[in-house]
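Quick one, structure for this:
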Amino acid sequence: MKKKLLLAALAVLSVGMLASCGDPTINPNPGGENGGNGGDGGTTGTVPQLPTEEGKITLAFKYGGATPIDEIPSYVGFFATGWYNGFKEGLEATPLTRLEGTDYFYGFTDDNLDTIEDKTQENEYSLLAGYNATAEVSDAEKGLVWNDGYKSTEIAAYAYPSNPTWTLDAEKNIAMLTTTDNPDAVHTFATLPPEPIKLKNYKIRFQFKDAEGTVADMPDWCVPYIAGSFNGWLDSGTPAEKALVKGVDEKKGEYWEFTFEEVIAGSTIQFAIVLGPQDAATCEDIGWAYKISGEANLEFTFMKYDGNDAVVYKNIDGVPSEVFPDPSAKKQLVIELHNTGTAELPVDNQPKVCGNFNNWTANSMEKDGDIYTYSAETALNDLEFGVIGADDWAPSFVQQSEDGNIGNIKLSITGSSRIIVAADWVLWAEPAKYASTITVEALD
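Prediction:
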């Protein structure tokens, strides 16, 4: 009997010795609270042991979704990006690997976050599903591609330009990818990228139609461009790569076509149709001022049954000549910032105007006594802008809608106009958006 007890004791001792000689990259500190590093990985408020690397932050989330975790296709990966890496995209975003036997995925920041000087978006991040490096798709389709359909439900709840923030345990160098309503870092993925079955020579023909459904012709001073998740929006490439090609169908009338040389059956793209000058040299010359496809991005799904050489028509509501007025018929625009209080604006935070009439470029306002003024010419009738103090719109003077939401100033004008933005300048010292009183007067 004593011999058996001795053997049992030696067995327990051996297990203890083996446990103490584990992988040195695994953080040995147990936990049981949110952001800790211990537990069974299945109970709310606990997480399993997560790998760590010297000088880096471990990023982690708990998977949830329509597809069981053990049935996630081998070509699907999860990618994080954020303030820590300048919101990198594609395969430059941070790949997250499943921690075997758990519902958790993890990855590492590129380097120590203490070296980051710009703290304006500190701890902000985003998380998307995508095609990993093994997927049989083009490099442009791999990694993190900005497509709302591949965001987790928790991430998609944040409207641009808002982002969630993680919860950082600085002692353990672990950041749980939490959100406001998601303290346990659970991310629910309703949709994962489909199996990469290719369709070739897929054409979409866009037709612009008025309220009565009549095809509206394109004026000769502009052309339509397509910008979306598949071609880098307007942040990369050339206008020629994004331009639609004009055609005429005997029965359907004028259309504007874009050809996808190769697409993935079942995949969904997000995009916008933007009107721009015919002689645009760069994508900056196109800009977002004349977006005809509406405020929200459009979506299109490439159906497998369409097959190769598909031709699909899609209607766009809007009359191009109304969205992109004749640029030769410009109006004078003057925007003034008035003070309803007694505070002065900080010297290092002077106001700028940023809107659809200046291609969303922040232009400085000129000080004239107690008033700041901005002048420009525009062909637009529908204006959208804000008076901002920094490129990230914090602080800024904007507008409060009837439902109480604060957003960009939106106005419709018919001729040359003076727009007065009145607000208390004492608010300017705080990094937030503030409602202002808007007055519009006709210029002589």
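
May I ask you to confirm that residue 123 is in contact with residue 166?
Yes. Applying Cβ atoms under 8 Å, one finds residue 123 in contact with residue 166, separated by 5.4 Å. For the C-beta atoms, the positions are set from N, CA and C on the backbone; glycine is no exception.

between these two, what contacts are shared?
Residues touching both residue 123 and residue 166 (Cβ atoms under 8 Å, 6 or more residues apart in numbering) are 82, 175.

who has more neighbours, these two?
residue 166 (24 against 17; other Cβ atoms under 10 Å).

Next up, the contacts around the more buried one.
59, 82, 123, 125, 175-178.

Quick check: end-to-end length of stretch 210-226?
Taking Cα to Cα, to the nearest Å, stretch 210-226 runs 20 Å from one end to the other.

buried sites along it?
216, 218-219, 221-226 (16 or more other Cβ atoms under 10 Å).

separation between the nearest residue to residue 124 once chain neighbours are set aside and residue 71?
By the measure of Cβ to Cβ, 6 or more residues apart in numbering, the closest residue to residue 124 outside its immediate chain neighbours is residue 163, 4.0 Å from it. Distance of residue 163 to residue 71, given as Cβ to Cβ, to the nearest Å: 29 Å.

Which one's more surrounded, the two?
Using other Cβ under 10 Å as the criterion, residue 163 and residue 71 rank with residue 163 on top: 18 against 8.

Hmm, residue 125 and the more buried one touching each other?
Yes. With contact defined as Cβ under 8 Å, residue 163 reaches residue 125; the gap is 6.5 Å.

what sits in contact with each of these two?
residue 82.

circling back to that earlier point, any chance of JSON lines for the contacts of residue 166, columns pLDDT, secondary structure and distance to residue 331?
Converted to JSON lines, these look like this (pLDDT from 0 to 100; DSSP: H, G, I helix; E, B strand; the rest coil; distance: Cβ to Cβ, whole Å):
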{"residue": "59", "pLDDT": "96", "secondary structure": "strand", "distance to residue 331": "50"}
{"residue": "82", "pLDDT": "93", "secondary structure": "strand", "distance to residue 331": "41"}
{"residue": "123", "pLDDT": "90", "secondary structure": "coil", "distance to residue 331": "44"}
{"residue": "125", "pLDDT": "96", "secondary structure": "strand", "distance to residue 331": "42"}
{"residue": "175", "pLDDT": "94", "secondary structure": "strand", "distance to residue 331": "50"}
{"residue": "176", "pLDDT": "96", "secondary structure": "strand", "distance to residue 331": "52"}
{"residue": "177", "pLDDT": "97", "secondary structure": "coil", "distance to residue 331": "47"}
{"residue": "178", "pLDDT": "95", "secondary structure": "coil", "distance to residue 331": "48"}
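
Looking at those residues, which is nearest residue 357?
residue 82 (31.9 Å; Cβ to Cβ).

contacting residues for the spatially closest residue to the closest one that is not a sequence neighbour?
Among residues not flanking residue 82 along the chain, residue 125 sits closest, at 3.2 Å (Cβ to Cβ, 6+ apart). By Cβ under 8 Å, 6+ apart, the contact set of residue 125 is 59, 80-84, 163-166, 177.

can you give me the strands for the stretch 1-150 of the chain?
Under the criterion DSSP state E, counting those that start in this stretch, strands of the stretch 1-150 of the chain are mapped to 58-65, 76-82, 94-98, 104-108, 125-131.

can you redo those strands as JSON lines with distance to residue 52?
Below are those laid out as JSON lines (distance: least, Cβ to Cβ, whole Å):
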{"stretch": "strand 58-65", "distance to residue 52": "5"}
{"stretch": "strand 76-82", "distance to residue 52": "16"}
{"stretch": "strand 94-98", "distance to residue 52": "14"}
{"stretch": "strand 104-108", "distance to residue 52": "8"}
{"stretch": "strand 125-131", "distance to residue 52": "18"}
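
Minimum distance to residue 405: which of those has it?
Per Cβ to Cβ, nearest to residue 405 of those: strand 125-131, 22.6 Å.

ok, residues contacting the next helix or strand after the closest one?
Sequence-wise, the next helix or strand downstream of strand 125-131 (DSSP states H and E) is helix 153-156. With contact meaning Cβ under 8 Å, 6+ apart, helix 153-156 is reached by 126-128, 148, 164, 179, 181-182, 186-190.

among the residues you listed, which ones are buried?
126-128, 148, 164, 179, 182, 186-187, 189.

ok, these vs residue 76, which is closest?
The closest of the buried ones among the contacts of helix 153-156, once distances to residue 76 are taken by Cβ to Cβ, is residue 189, at 9.2 Å.

Mind listing the residues bridging to that closest one?
Residues in a beta bridge with residue 189, per DSSP bridges, are residue 65.

what's near enough to touch residue 433?
Going by Cβ under 8 Å, 6+ apart, the list of residues near residue 433 reads 386, 393-398, 406.

Among the residues you listed, which lie within strands?
386, 396-398, 406 (DSSP state E).

Now list the buried members of these.
By 16+ other Cβ under 10 Å, the ones in strands among the contacts of residue 433 give 386, 396-398 as buried.

can you redo those as TSV with pLDDT and distance to residue 257?
As requested, these are exported to TSV (pLDDT from 0 to 100; distance: Cβ to Cβ, whole Å):
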residue	pLDDT	distance to residue 257
386	95	36
396	92	40
397	93	43
398	93	38
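
And residue 441, how close does it get to residue 335?
In terms of Cβ to Cβ, residue 441 sits 11 Å off from residue 335.

So if I had to pick from those two, which one is more boxed in?
Using other Cβ under 10 Å, the more surrounded residue of residue 441 and residue 335 is residue 335, with 24 against 11.

Would you mind giving the secondary structure of that one?
strand (DSSP: H, G, I helix; E, B strand; the rest coil).

follow-up on the earlier one: among the strands of the stretch 1-150 of the chain, which is nearest residue 119?
Across the strands of the stretch 1-150 of the chain, residue 119 has its closest neighbour in strand 76-82 (12.6 Å, Cβ to Cβ).
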